[in-house]
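> here's a sequence, model it:
(2 chains)
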Amino acid sequence: GQQVMQIPQYQHVQEGEDFTTYCNSSTTLSNIQWYKQRPGGHPVFLIQLVKSGEVKKQKRLTFQFGEAKKNSSLHITATQTTDVGTYFCAASGSARQLTFGSGTQLTVLP
Amino acid sequence: AAGVIQSPRHLIKEKRETATLKCYPIPRHDTVYWYQQGPGQDPQFLISFYEKMQSDKGSIPDRFSAQQFSDYHSELNMSSLELGDSALYFCASSQRGGRGTEAFFGQGTRLTVV
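Here you go, the predicted model:
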């Protein structure tokens, strides 16, 4: 399966600050998905990126797929306490499996 | 809308016992996945099924087996349980062959081996 690295592992921000997590692969990805997992919860799909250089926005969240389709980022503007959780990138490739990155655990301090 | 249903939600077993986890995918979804998530870890892919046939295998121990039945529900059978098997086990389902499509996760089964 695909191998994806994700940084940082942890991020603590003050409410209102921005947050970014990065996902990198040594191989070209056919697509990348982003999931959010709240503490004690299950992964919930946020978005999928397919095209080289693609940028998608969901309210305060901006997702990017690199030109070489080897990296991706999730940026949250003006974080809120409801943004708390672990954000995972995941790659599917040609197999019927999702390979998850190690995740970035976001803590938002009020 | 119907979601992925997993049962039981919590399970406590002793070492060397067996456990069976059940998953009911979203209706008309053709792909089922099983994942294992340890504390503070990312979900690790175990196995997937497409149209009731095993599709891909990940880091599933030989002590574990899984199958998908005619009604599309899936079961993960775990034998000779070890302390290290304690984890959250997620089932997920997707449609259109499961390649590059959104996966919907169940609430998970928390297995504790004592």
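
> got the residues of chain A near chain B?
With Cβ under 8 Å from any Cβ of the partner chain as the criterion, chain A meets chain B at residues A:1, A:30-31, A:33, A:41-45, A:48, A:50, A:88, A:92, A:94-103. Every C-beta, even on glycine, is put in place using the N, C-alpha and C of the backbone.

> just the buried ones from the residues you listed?
In terms of neighbour count (16 or more other Cβ atoms under 10 Å in any protein chain shown), the buried residues within the residues of chain A next to chain B are A:31, A:33, A:42-43, A:45, A:48, A:88, A:92, A:95-103.

> tell me which helix or strand of chain A sits lowest on mean pLDDT?
Scoring the helices and strands of chain A by mean pLDDT, DSSP states H and E places strand A:99-100 at the bottom, with a mean of 92.

> low-confidence ranges in the chain?
Assuming you mean chain A. A:1-2 (pLDDT under 70).

> wait, chain B was what I had in mind.
Using pLDDT under 70, chain B drops low at B:1, B:98.

> excluding chain neighbours, give the residue nearest to residue A:60 in space.
Leaving aside its chain neighbours, residue A:60 sits nearest to residue A:77 (4.6 Å; criterion: Cβ to Cβ, 6 or more residues apart in numbering or on different chains).

> was I right to think the one you found contacts residue A:58?
No. Look at residue A:77 against residue A:58 with Cβ atoms under 8 Å: they stay out of range, at 11.1 Å.

> count of neighbours near residue A:72?
Residues lying near residue A:72 (other Cβ atoms under 10 Å in any protein chain shown) number 26.

> what residues are up against it?
A:22-23, A:29, A:32, A:34, A:49, A:63-66, A:89 (Cβ atoms under 8 Å, 6 or more residues apart in numbering or on different chains).

> that one: which element?
Assigned by DSSP states H and E, residue A:72 belongs to strand A:71-76.

> alright, that wraps it up for me.
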